[in-house]
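1. curious how this folds, go ahead:
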Amino acid sequence: MTRKRPTIQWVVRRGLCTGCGACVGVCPAGALTMHIDGRQGGYVPRIDKTMCTRCGLCVDVCPGHTVDFEGLGRRLFGDIPEDIVLGRYLGCYVGCAADKDIRYDSASGGLVTALLIFALERGLIDGALVTRMRADKPLEPEPFIARTRQEILSAARSKYCPVAADVALREILRSQGRFAVVGLPCHIQALRKAEQQIESLRERIRYRISLACSLDFSFRGTLRLLWTLRIPPASVTRLEYRGRGWPGTMLIGRSDGTETRLPLADCRNRLGPFSLRRCTLCSDLTGELSDLSCGDAGLPELVEKDKLGSSFVLTRTPEAEELLESAAAEMAVELSELDVRELKAVQSFAIFKKRRLRARMSLFRWTGRSVPRYRQKLLPPARGDCRSSIKFYLARYALSGHRPILRRLFHVAGLLKRKNRQGPAAR
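-> Model (predicted):
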């Protein structure tokens, strides 16, 4: 008799779901679908109990409750990374698409777009899991398998909203060929866990490309942004969070033919208070389990003169290194080596992810909430991390309207203040 195991609802009830969609993508019974949780503003899975067999695969692949970075690292790379901030890497570069049109229309210089087109046209992959905004619902993203150059181009640019990208794993499992997968660190974590469970999936994935992620933003943030601009959501026919050079602009097209453009900094400031709660408990900035990681270079010398955008690139496997070198040799991308110390100097969110995580998790525990389990080295905490984390959450929830959580945070802040006043002797 088959033992019935916990379902993904066990993760959802604890508030640990990342919304990555992997559980839906690999469910052998097709019992799961993703839906938008209106209160949280992100994706959560919904289960059809009449179809569910309680096999437990959805929990096994879920990165929301547990990620064994050290165990996966040993199996994938043969060792545990010495670099706590960036993870294991073979090479560190700065680059962009050689095609100026691709570079201008993308985010961060279009390097990922150019690499995918190169891999597809050279027969290295048969398709790529990427994300575009839906044509029929322009405020919602659409993960899909791109099989042509034009389809890859349609997925260029950042999406500052929840994306359940790994739902498209279902199509990969049903298809023949080799594929690239582009996602955020949580998508790559789920993919690696899924590959440990499903050999056929591991055989079909050739490249795993991670986009650097500090925090993702909820759909509530986008709706609030539209409200402040006095744009009815129903009138939006086109939404691009980013593009048109660096740092880029947000573009909102409406049914009356008019367009509104917003500088990227303004867009991110308005979305900032609506970062997804589970994202604030993430330890992975660059996608440490990927083959290749990319993100805004942000180097001072580039910020001053670069109007088209560039990416930092970390290669983590020989296959990724070979892909990058081949694309550069055939002039699909422009590439130059980057001192990893320069990259760390501009990645301030690594401190938020790797040093203050313990403080944020402590706050969650004190307010009665669950936290994920990571097997991974973190940076040593510093004095004031807890205070900084309280300020972060107070600002976030004050602007996004979560009053119950605000009351708990104020209570914790009061306890900490009294504890500090008592001094060492009283402790």
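
2. list the buried residues of stretch 29-38.
-> 31, 32, 34, 36, 37 (16 or more other CB atoms under 10 Å). Using the backbone N, CA and C atoms, a C-beta is placed for each residue, glycine as well.

3. skipping adjacent residues, who's closest to the last one in space?
-> The reference is to residue 37. residue 44 (4.8 Å; CB to CB, 6 or more residues apart in numbering).

4. so is the one you found in a helix, a strand, or just coil?
-> Recorded secondary structure, residue 44: strand (DSSP: H, G, I helix; E, B strand; the rest coil).

5. so it makes contact with residue 16?
-> No - here residue 44 lies out of contact with residue 16, judged by CB atoms under 8 Å, at a distance of 10.7 Å.

6. list the contacts for the residue nearest to residue 37?
-> Taking CB atoms under 8 Å, 6 or more residues apart in numbering, we find residue 44 in contact with 12, 17, 19, 34, 35, 36, 37.

7. ok, the most centrally placed residue in the chain - contacts?
-> Centroid-nearest residue in the chain, with CA atoms, centre = their mean: residue 184, separated by 2.8 Å. Neighbour list for residue 184: 20, 163, 165, 210, 211, 213, 216, 287 [criterion: CB under 8 Å, 6+ apart].

8. dihedrals phi and psi, the residue lying closest to residue 232 once chain neighbours are set aside?
-> Counting by CB to CB, 6+ apart, residue 226 is the residue found nearest to residue 232 once chain neighbours are left out, at 7.5 Å. Phi and psi for residue 226, reported as degrees, to the nearest 10, are phi -60, psi -40.

9. report the contact partners of residue 226.
-> Residue 226 touches 232, 233, 236, 252, counting by CB under 8 Å, 6+ apart.

10. for residue 217, same thing?
-> 160, 161, 271, 272, 274, 275, 276.

11. please enumerate the helices of the stretch 151-300 of the chain.
-> Assigned by DSSP state H, counting those that start in this stretch, the helices in the stretch 151-300 of the chain fall at 169-174, 185-197, 199-204, 219-228, 264-271, 300-305.

12. could you dump those helices into CSV with mean pLDDT and distance to residue 82 added?
-> Formatted as CSV, those follow (pLDDT from 0 to 100; distance: least, CB to CB, whole Å):
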stretch, mean pLDDT, distance to residue 82
helix 169-174, 97, 31
helix 185-197, 98, 19
helix 199-204, 96, 26
helix 219-228, 96, 37
helix 264-271, 93, 32
helix 300-305, 79, 26
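
13. got the ones you listed as TSV, with distance to residue 389 columns?
-> As requested, these are exported to TSV (distance: least, CB to CB, whole Å):
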stretch	distance to residue 389
helix 169-174	34
helix 185-197	20
helix 199-204	37
helix 219-228	20
helix 264-271	20
helix 300-305	28
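
14. residue 333 is nearest to which of those?
-> Closest to residue 333 of those, according to CB to CB: helix 300-305, at 15.6 Å.

15. please spell out which residues along the closest one are buried.
-> Under 16+ other CB under 10 Å, the buried positions of helix 300-305 are residue 302.

16. please parse the chain into its domains.
-> Per automatic domain parsing, the structural domains of the chain span 9-66, 69-347, 350-419.

17. make CSV out of those domains and add distance to residue 3.
-> Output for the domains of the chain, formatted as CSV (distance: least, CB to CB, whole Å):
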stretch, distance to residue 3
domain 9-66, 8
domain 69-347, 16
domain 350-419, 22
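
18. below-threshold pLDDT in this structure: ranges please.
-> Along the chain, the model assigns pLDDT under 70 to residues 1-2, 398-427.

19. ok so, going back, among the helices of the stretch 151-300 of the chain, which is nearest residue 146?
-> Distance to residue 146, taken as CB to CB, is lowest for helix 169-174 among these, at 11.2 Å.

20. from the chain's centre, how far out does the closest one sit?
-> 21 Å (CA atoms, centre = their mean, to the nearest Å).
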